[in-house]
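Engineer: quick one, what's the 3D model for this:
(one chain, ligands or ions: 1)
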Amino acid sequence: MTLERHGFQAEVSRLLHIVAHSLYSDKSVYLRELISNASDACDKLRYLALTQPELLEGGGDLAVTLTTDKEKKTLTIADNGIGMNKDDLISHLGTIARSGSAKFAEELSNAKTQEQKVSLIGQFGVGFYSAFMVADKVEVISRKAGESQGWRWVSDGTGEFTVEAVDKPSRGTDIVLHLKKEEGEWLEAARLEHVIAKHSEHVALPIHLKDGAEERHVNQQAALWTKSKSEITDEQYRDFYRHIAHAWDEPWATIHFKAEGKIDYTALLFIPSQRPIDLFTPERKQSLKLYAKRIFITDQSDEILPGWLRFVKGLVDSEDLQLNISREMLQASPVIAKIRAALVKRILSDLNKRANDDDKAAYESFWDNFGPVLKEGLYEDVTQRDEILKLVRFRTTASDGWVSLTDYVARMKEGQKSIYYITGDSLDTVARSAQLEGFKAKGIEVLLLTDPIDEFWIPAVEKFGEAEFRSVTRSGSDLDTVKASEGEKEEEKKPVAENVDSLISFLKITLKDSVKDVRLSERLTDSACCLVADSGDMDMHLERLLRQHKRLEASLPRVLEINGRHPLVAAMTKQAAKDGDWHELAEAAWLLLDQAKIQDGEPPADPALFVKRLNTLLAKAI
Ligand SMILES: Nc1ncnc2c1ncn2[C@@H]1O[C@H](COP(=O)(O)OP(=O)(O)OP(=O)(O)O)[C@@H](O)[C@H]1O
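Structural biologist: Have a look, this model is predicted:
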């Protein structure tokens with residue numbers, strides 16, 4: 001059979017280069033990764049064999065076997081699981097199929113320091129490729145269950161791999177590591193046993209170690225989640241989390257409980273301390289593993305947890321599920337629906353405890369990582385809305401830290417009935433927005449919202465207690481009904497330019513359909529003008545988002561608010577009262593509209609014309 005040469009996908013090459021140059025202080029993690037893959041492969045076969053017993057080919061004792069060869073300097077990790085055929089080898093081991101990989105590769109190339117790279121890899125996981133931390137050549141010899149042809153994949157981890165057909169009598173996969181010169185320790189049985197005890201003790205599959213003529217069973221194999229909490233150490237929980245979630249970080253939270261009664265199940269759930277890179281991909285895939293009576297069923301069900309809890313890792317094992325339940329049947333299963341409801345309740349209540357814990361920084365680190373995902377629940381799950389609102393934290397104009405809605409409401413000014421917010425792309429731009437000026441002057445706190453999901457949950461939720469959410473970029477904000485508190489006296493206000501109404505009429509006639517209306521503003525103190533959405537119209541940031549995603553073509557005309565106390569508006573008002581040539585005033589009117597757009601982060605309607613007008617006026621002034 002011919003030997004085929006293939007190039008690795010670009011992101012894999014880059015990843016391999018970094019991994020092979022051994023960034024990790026603890027290289028032993030490669031063993032955990034390869035044993036986890038072997039154990040996943042056996043789980044997959046065991047599940048398929050429930051309906052296709054012929055796949056077991058008479059050999060149903062699934063196991064992982066580690067074999068050392070001191071002469072050849074190889075360590076082989078073999079399993080008799082599902083195996084891979086030629087296409088599987090090329091796609092699974094030659095590309096990173098996982099979503100988020102393009103973003104990962106981009107960030108990896110942008111990362112400057114080794115620490116940044118390690119942290120990125122930590123978020124993404126390197127799985128199989130970690131083999132190249134200890135090996136300068138890796139051979140994968142595999143035969144897929146139900147197929148007769150075996151295949152051999154070989155690579156030295158630099159850009160290319162080869163695939164060829166080989167005979168492989170036994171089903172499953174052998175990973176042969178040709179160890180680097182300095183990695184001889186992986187030929188020592190004691191060293192291997194120690195690492196297995198540390199990282200893979202709880203793998204629910206026998207792990208055998210063959211060292212010369214001797215073969216031993218080296219793991220305890222007790223499913224960790226079946227033990228009682230008091231028998232499990234923090235370290236065991238952590239190692240189990242890393243094993244089951246293919247993670248590299250510490251769990252931020254560990255939730256382990258047994259439910260007995262109408263439905264019996266055990267849940268062992270983890271919340272990571274690092275945000276994985278693929279958290280915001282469109283599939284919003286969750287990865288909780290489902291077991292029935294300790295047999296793995298699936299990690300692909302969207303039924304066990306809602307998408308807005310997709311950051312939760314771990315497993316659920318139920319006594320009340322049929323072993324041969326198909327993934328389709330899961331969708332209609334009342335047992336799953338009940339388990340899901342209970343898990344959601346439990347996770348939210350644990351989060352609530354942590355939110356009220358003294359360790360504010362810990363909760364804020366969770367919020368930083370997963371807050372935007374949890375907020376999706378406000379939009380999607382009416383029944384959990386009140387519980388989630390208790391957990392949400394915001395940046396605001398009044399504080400550098402995170403603020404809860406309860407804190408916000410407690411600080412509301414006399415006469416303030418609404419919770420004010422502004423949405424935008426980044427904290428910096430929203431915090432500088434002209435629409436906030438009047439609110440700042442009165443000392444009214446405004447929530448600064450910068451997650452795309454904010455545009456969707458706010459209109460769905462509408463209220464927190466009695467207080468309605470109100471955008472400051474909308475007209476009719478009732479600013480004048482709110483009293484400034486003592487010590488925050490509003491600055492002495494300058495009088496509004498006399499006859500400003502005639503300027504307003506002039507602006508309406510000149511700007512015509514480019515604006516919906518022109519009004520005198522109560523919200524501006526420093527800026528001459530700003531654009532706001534008319535009450536009932538779409539919020540401006542939402543409109544921009546929809547246009548970016550090509551869901552909306554043209555932009556809607558907005559209300560131009562002008563500041564009657566601003567010197568520019570005063571000068572224009574004077575000019576409007578005079579008879580004669582209004583050409584220059586009209587040019588100034590267009591400049592006023594364009595500057596409002598620029599302040600909102602939008603380009604002027606016609607940039608060339610904007611520059612021409614500006615230069616004409618500047619030339620006169622200089
Ligand atoms: N021993 C094995 N038997 C069968 N398939 C395997 C084996 N090892 C790896 N694979 C296949 O190769 C894929 C890639 O493995 P890899 O460890 O790189 O990533 P992963 O396990 O999917 O994710 P992670 O990076 O989180 O570990 C796996 O998803 C699996 O399909």
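Engineer: quick check: residue 374 touching residue 390?
Structural biologist: No. Contact criterion Cβ atoms under 8 Å: residue 374 and residue 390 do not qualify, at 11.1 Å. Where you see a C-beta, it was placed from the backbone N, CA and C, and this is true even at glycine.
Engineer: give me the number of neighbouring residues for the residue in the stretch 501-622 of the chain that the ligand sits nearest to.
Structural biologist: Closest residue of the stretch 501-622 of the chain to the ligand, Cβ to the nearest ligand atom: residue 549 (29.6 Å). The tally of other residues near residue 549 (other Cβ atoms under 10 Å) stands at 9.
Engineer: tell me the secondary structure for residue 531?
Structural biologist: Following DSSP: H, G, I helix; E, B strand; the rest coil, the label given to residue 531 is strand.
Engineer: give the bridge partners for it, please.
Structural biologist: Judged by DSSP bridges, the bridge partners of residue 531 are residue 560.
Engineer: burial of residue 28, as a residue count?
Structural biologist: By the criterion of other Cβ under 10 Å, residue 28 has 19 neighbours.
Engineer: ok, and what's touching the helix or strand hosting residue 66?
Structural biologist: Following DSSP states H and E, one finds residue 66 within strand 64-69. Here strand 64-69 makes contact (Cβ atoms under 8 Å, 6 or more residues apart in numbering) with 35, 38-39, 42, 74-79, 186-189, 192, 196, 203, 205-212.
Engineer: can you narrow the residues you listed to ones near the ligand?
Structural biologist: Counting by Cβ under 6 Å from any ligand atom, 38, 79 from those sit close to the ligand.
Engineer: among the contacts of strand 64-69, name the buried ones.
Structural biologist: 35, 38-39, 42, 74-79, 186-187, 189, 192, 196, 203, 205, 207, 209-211 (16 or more other Cβ atoms under 10 Å).
Engineer: those residues in helices, which ones?
Structural biologist: Using DSSP state H, 35, 38-39, 42, 189, 192 are the members of these that sit in helices.
Engineer: give me the nearest residue to whichever residue of the stretch 351-500 of the chain sits closest to the ligand, chain neighbours excluded.
Structural biologist: Among all residues of the stretch 351-500 of the chain, residue 369 sits closest to the ligand, at 17.7 Å; criterion: Cβ to the nearest ligand atom. Using Cβ to Cβ, 6 or more residues apart in numbering and skipping residues adjacent in sequence, the residue nearest residue 369 is residue 275, 4.1 Å away.
Engineer: now that neighbour: phi and psi?
Structural biologist: For residue 275, the backbone dihedrals are phi -80, psi 120 (criterion: degrees, to the nearest 10).
Engineer: quick revisit: the more surrounded of residue 374 and residue 390?
Structural biologist: More crowded of residue 374 and residue 390, by other Cβ under 10 Å: residue 374, with 22 against 15.
Engineer: let me see the contact set for that one.
Structural biologist: Neighbouring residues of residue 374 by Cβ under 8 Å, 6+ apart: 308-309, 351, 388, 391-392.
Engineer: and those residues, which two are the farthest apart?
Structural biologist: Taking Cβ to Cβ, the two most distant members of the contacts of residue 374 are 309 and 392; they sit 14.6 Å apart.
Engineer: look at those two and report which has more neighbours.
Structural biologist: Between residue 309 and residue 392, residue 309 has the larger neighbour count (other Cβ under 10 Å), namely 25 against 21.
Engineer: pLDDT at the residue nearest to that one when sequence neighbours are not counted, what is it?
Structural biologist: With Cβ to Cβ, 6+ apart as the criterion, residue 309 has its nearest non-adjacent residue at 6.1 Å, and that residue is residue 347. pLDDT recorded at residue 347 is 98.
Engineer: what about residue 347, which SS state?
Structural biologist: Residue 347 - assigned by three-state DSSP - is helix.
Engineer: isn't it right up against residue 270?
Structural biologist: No. Residue 347 lies out of contact with residue 270 (Cβ under 8 Å); the separation is 10.8 Å.
Engineer: re earlier: note down every partner strand of the strand holding residue 66 and its orientation.
Structural biologist: Its sheet considered, strand 64-69 pairs with strand 74-79 (antiparallel), strand 207-211 (parallel) by DSSP bridges.
Engineer: quick one: check that strand for contact with the ligand.
Structural biologist: No. Interface with the ligand: strand 64-69 contributes nothing (Cβ under 6 Å from any ligand atom), its closest point being 8.8 Å away.
Engineer: and for stretch 4-23?
Structural biologist: No. With Cβ under 6 Å from any ligand atom as the measure, stretch 4-23 is seen stopping short of the ligand, the closest distance being 9.3 Å.
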